[in-house]
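[1] Could you work out the structure for the sequence below:
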Amino acid sequence: MAGSKDTNHHVIVEIPVDEEHQQKLKTALVTISAIENHPLAEISRSPGHLLLLKLWQREEDLFGRRISIKESRIESIRGEIFQLCCFFFIFHALFLSILFSTSIDIVGTSSICRRWWLPAMVSVCVSMVMVVLVQVKLCWYWNVCGKLNREKDDNRALNRCIQELRMKGASFDLSKEPQVGKKMKSSSVEIKWKPVSWFSQYLITICLVCFAGLIFPVSKFMLCF
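    The predicted structure is shown next:
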């Protein structure tokens with residue numbers, strides 16, 4: 001029986017690679033290298049930067065919630081102020097209607113004319129109560145608006161720091177903190193514009209007081225003429 005020889009045959013298959021495949025391979029290598037060198041990848045490899053990013057993102061979420069709550073509160077206060085103003089004008093419309101009908105129907109206008117101050121004082125008292133309520137709501141409104149603006153400024157400063165951290169990656173300075181930029185104003189500008197800003201903020205109250213003051217002489221005119 002003739003001996004048999006075991007022969008191992010290695011077959012080498014050459015896969016042709018054209019320019020298109022080479023270009024795709026280079027693009028994939030560049031993409032992988034870019035991902036590895038991306039600032040977010042650097043942050044994920046640095047425990048300190050990753051912790052800072054998570055803390056700032058959590059704080060950003062809290063800012064968003066507080067801003068949303070204050071905006072809804074502002075809308076609620078606006079509705080309350082509008083309702084009080086409506087009640088104010090409805091009351092005076094009814095008051096003037098009753099006063100006018102009384103001056104026409106009742107005979108002996110001289111006695112009514114001598115007591116013209118009674119309905120006028122009722123109108124003034126009710127008006128002052130409503131004006132005080134409106135003023136309290138306005139003070140509350142502008143107080144909440146001021147807090148909302150400060151929250152938005154702090155949130156913008158925090159957003160800038162988060163964006164800078166995401167762009168710089170591990171090279172970001174961990175000791176940096178969000179800072180709110182303050183606009184410097186001269187004292188002369190504050191003195192010049194403060195009365196104007198106060199007038200614009202409480203214009204509703206001023207208009208209601210002027211209207212209530214106008215009703216006082218109108219009451220005498222309707223009862224005595």
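
[2] In stretch 81-97, which residues are buried?
    When burial is assessed from 16 or more other C-beta atoms under 10 Å, stretch 81-97 yields the following buried residues: 81, 84-85, 88, 92, 95-96. Glycine gets a C-beta too; all of them are placed from N, C-alpha and C.

[3] contact partners of it?
    With contact meaning C-beta atoms under 8 Å, 6 or more residues apart in numbering, stretch 81-97 is reached by 119, 122-123, 126-127, 130-131, 133-134, 137-138, 141, 204, 208, 211-212, 215, 218, 222.

[4] all helices for this protein, in order.
    Secondary structure of the chain, counting by DSSP state H: helices at 19-36, 39-45, 47-105, 109-114, 117-168, 187-201, 203-224.

[5] export those to JSON lines and tack on mean pLDDT and distance to Q179?
    Shown next, in JSON lines, are these (pLDDT from 0 to 100; distance: least, C-beta to C-beta, whole Å):
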{"stretch": "helix 19-36", "mean pLDDT": "51", "distance to Q179": "32"}
{"stretch": "helix 39-45", "mean pLDDT": "68", "distance to Q179": "21"}
{"stretch": "helix 47-105", "mean pLDDT": "88", "distance to Q179": "14"}
{"stretch": "helix 109-114", "mean pLDDT": "67", "distance to Q179": "69"}
{"stretch": "helix 117-168", "mean pLDDT": "89", "distance to Q179": "6"}
{"stretch": "helix 187-201", "mean pLDDT": "65", "distance to Q179": "23"}
{"stretch": "helix 203-224", "mean pLDDT": "86", "distance to Q179": "35"}
